[in-house]
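Trainee: Predicted model follows, preceded by the sequence.
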Amino acid sequence: MKQAIIRTKGLSKEYVMGAEIIYALRGIDVEIERNEYVALMGPSGSGKSTFMNLIGCLDTPTAGEYWLNGTAVARLNDDQLAAIRNREIGFVFQTFNLLPRATALHNVELPLIYGGTGARERRERAEHVLERVGLADRMTHRPSELSGGQKQRVAVARALVNDPAILLADEPTGNLDSRTGAEIMALFDELHDSGQTILLVTHEHDVALHANRRITLLDGLIESDETQAAQVAV
């Protein structure tokens with residue numbers, strides 16, 4: 001039997017706001033297999049961000065279980081969470097989250113620095129992933145010297161440098177014009193074709209069409225979970 005990269009059972013999250021309890025997630029059961037390309041959709045307040053924070057080991061559930069690549073995440077302490085987050089998950093954010101004074105190469109090296117990788121290996125791996133995302137000629141440029149699309153490619157390279165089990169992308173085209181957004185989605189398609197597992201949060205149906213599976217949340221529950229034929233623009 002194939003082992004799921006992500007498996008949740010009864011995953012729930014509650015927030016106490018004064019006398020009120022907000023039920024952000026109400027018991028999510030989901031499995032995502034290796035090399036799946038999943039789009040996570042839903043209106044504001046549906047639980048998407050909460051679900052991504054739990055999957056990304058940025059928060060802990062109120063109840064339920066979560067296994068990431070076979071590890072029971074809900075039972076880990078903060079240091080263990082940080083370690084598995086750095087090792088198993090690559091993050092791509094709408095706002096890029098690059099260090100403004102650092103070069104593209106140094107930005108990509110950061111997860112390796114946190115993981116204790118030696119300087120020579122760090123540089124080799126960072127150079128390799130920057131080449132992979134088409135930025136071999138921009139390694140020494142700082143974010144202010146890069147276009148929006150190039151900044152997002154640096155962010156993708158940084159997410160890939162640890163060879164993560166899953167790539168989590170939160171509205172990765174949200175700050176890009178339509179042409180640049182299409183280029184970034186083409187890059188995600190290439191990564192998926194090469195074997196990368198991807199979970200993508202988006203409000204945009206055109207972006208979601210790149211995925212092979214679409215999960216829609218509503219009021220903290222899974223409203224639908226459907227496979228679909230990916231529609232890639234040419």
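Mentor: Cool, the structure landed. Numbering: from 1, shown residues only.
Trainee: Surely Y15 is in contact with L25?
Mentor: No: Y15 lies out of contact with L25 (Cβ atoms under 8 Å); the separation is 10.3 Å. For every residue, glycine as well, the C-beta is placed using N, CA and C.
Trainee: which of the two has more neighbours?
Mentor: Set Y15 next to L25 and count neighbours by other Cβ atoms under 10 Å: L25 wins out with 26 against 11.
Trainee: Need the three-state assignment for the more buried one.
Mentor: strand (DSSP: H, G, I helix; E, B strand; the rest coil).
Trainee: who's in contact with it?
Mentor: 11-13, 47, 50-51, 54, 61, 220 (Cβ atoms under 8 Å, 6 or more residues apart in numbering).
Trainee: contacting residues around the residue nearest the centre of the chain?
Mentor: In the chain, the centroid-proximal residue (Cα atoms, centre = their mean) is L168; its distance is 0.9 Å. Counting by Cβ under 8 Å, 6+ apart, L168 touches 52, 55-56, 89-92, 199, 201.
Trainee: Tell me what it is bridged to.
Mentor: On the basis of DSSP bridges, L168 is bridged to F91, L199.
Trainee: okay, it: pLDDT?
Mentor: On the pLDDT scale, L168 is placed at 97.
Trainee: again, but for the one 4 residues further on
Mentor: Confidence per residue is given as pLDDT, and for P172 that number is 93.
Trainee: can I assume it sits in a strand?
Mentor: No: counting by three-state DSSP, P172 is not found in a strand; it is coil.
Trainee: Once you drop chain neighbours, what's closest to it?
Mentor: Spatial nearest neighbour of P172, excluding adjacent residues (Cβ to Cβ, 6 or more residues apart in numbering): V92 at 4.9 Å.
Trainee: Count the residues that sit near the one you found.
Mentor: By other Cβ under 10 Å, 24 other residues sit near V92.
Trainee: Was I right to think it contacts K151?
Mentor: No: look at V92 against K151 with Cβ under 8 Å: they stay out of range, at 11.0 Å.
Trainee: could I get the contacts of L25 as JSON lines with neighbour count and secondary structure?
Mentor: Putting the contacts of L25 into JSON lines (neighbours: other Cβ atoms under 10 Å; DSSP: H, G, I helix; E, B strand; the rest coil) gives the following:
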{"residue": "L11", "neighbour count": "24", "secondary structure": "strand"}
{"residue": "S12", "neighbour count": "18", "secondary structure": "strand"}
{"residue": "K13", "neighbour count": "22", "secondary structure": "strand"}
{"residue": "G47", "neighbour count": "24", "secondary structure": "coil"}
{"residue": "T50", "neighbour count": "23", "secondary structure": "helix"}
{"residue": "F51", "neighbour count": "27", "secondary structure": "helix"}
{"residue": "L54", "neighbour count": "25", "secondary structure": "helix"}
{"residue": "P61", "neighbour count": "22", "secondary structure": "coil"}
{"residue": "G220", "neighbour count": "21", "secondary structure": "coil"}
